[in-house]
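J.: Generate a structure from the sequence data that follows.
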Amino acid sequence: MMQTLMLMCTFIVVGFAINGLTTLLNSNFLCKFLDQNLLVVLIALLAINTTTNSVVLTKMREIADKYPESDFKHTRKAMKKASMEQLGIIIIAIVFQIVKTSPLLVSNIPYIVFIIDSLLVAVFAFSIQILFDTARGVYVILDSDA
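T.: Numbers count the residues shown, from 1 in each chain. Got it, this is the predicted structure:
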């Protein structure tokens, strides 16, 4: 839990840094892209990871059948946690986009658009990290001798 919290904080800092840089460059490409595509990308990443995890779980079952002493309890738990994180990220992205498009909040809270854009960049980066972790798991399975 603490590791996930630290990772999230890291991505929040990264999100603010990237959004700050795009603001300095006077570029709206990333924020416009995320406004139009973030939810679709997040759902697609969840679908990719779910499919990939099912393949990995099948291979883990084969390994466990061949080597009964194998224990994949922690791996399955991590996969489930990653799926729950992805669902949470989707919900958070929806909330952030609702807040960002609220004229009431935008007109009354200074810098709210910058803050929300930074957090949306963080959400996107965190979701890419989850995809990367899943890919690493695939390579571990592919490199196994079972």
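
J.: which stretches of this protein aren't confidently modelled?
T.: For the chain, applying pLDDT under 70 flags the ranges 144-146.

J.: Could you tell me which residues make contact with the spatially most central residue of the chain?
T.: With distances taken as CA atoms, centre = their mean, Ser127 lies nearest the centre of the chain, 1.5 Å away. Applying CB atoms under 8 Å, 6 or more residues apart in numbering to Ser127 gives the contacts Val41, Leu42, Leu45, Gln86, Ile89. Every C-beta, even on glycine, is put in place using the N, C-alpha and C of the backbone.

J.: so what does whichever helix in the chain runs longest touch, helix or strand wise?
T.: When the chain is parsed with DSSP state H, its longest helix is helix 29-66. With contacts defined as 3 or more CB pairs under 8 Å, 6 or more residues apart in numbering; DSSP states H and E, helix 29-66 has these neighbours: helix 2-24, helix 73-100, helix 112-143.

J.: Pick the most buried one from those helices.
T.: Across those, the average number of neighbours (mean count of other CB atoms under 10 Å) peaks for helix 112-143, which reaches a mean of 18.

J.: what angle separates that one from helix 29-66?
T.: Inter-element angle recorded for helix 112-143 and helix 29-66: 30 degrees (by axes from the mean of the first three to the mean of the last three CA atoms, to 10 degrees).

J.: Helix 112-143 to helix 73-100, inter-axis angle?
T.: Using the same axes, to 10 degrees: helix 112-143 against helix 73-100 is 160 degrees.

J.: circling back: could you dump the contacts of Ser127 into CSV and include distance to Phe114?
T.: Converted to CSV, the contacts of Ser127 look like this (distance: CB to CB, whole Å):
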residue, distance to Phe114
Val41, 21
Leu42, 21
Leu45, 25
Gln86, 26
Ile89, 20
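
J.: Now flag whichever of those residues is closest to Arg136.
T.: The closest of those to Arg136 turns out to be Leu45 (CB to CB; 15.0 Å).
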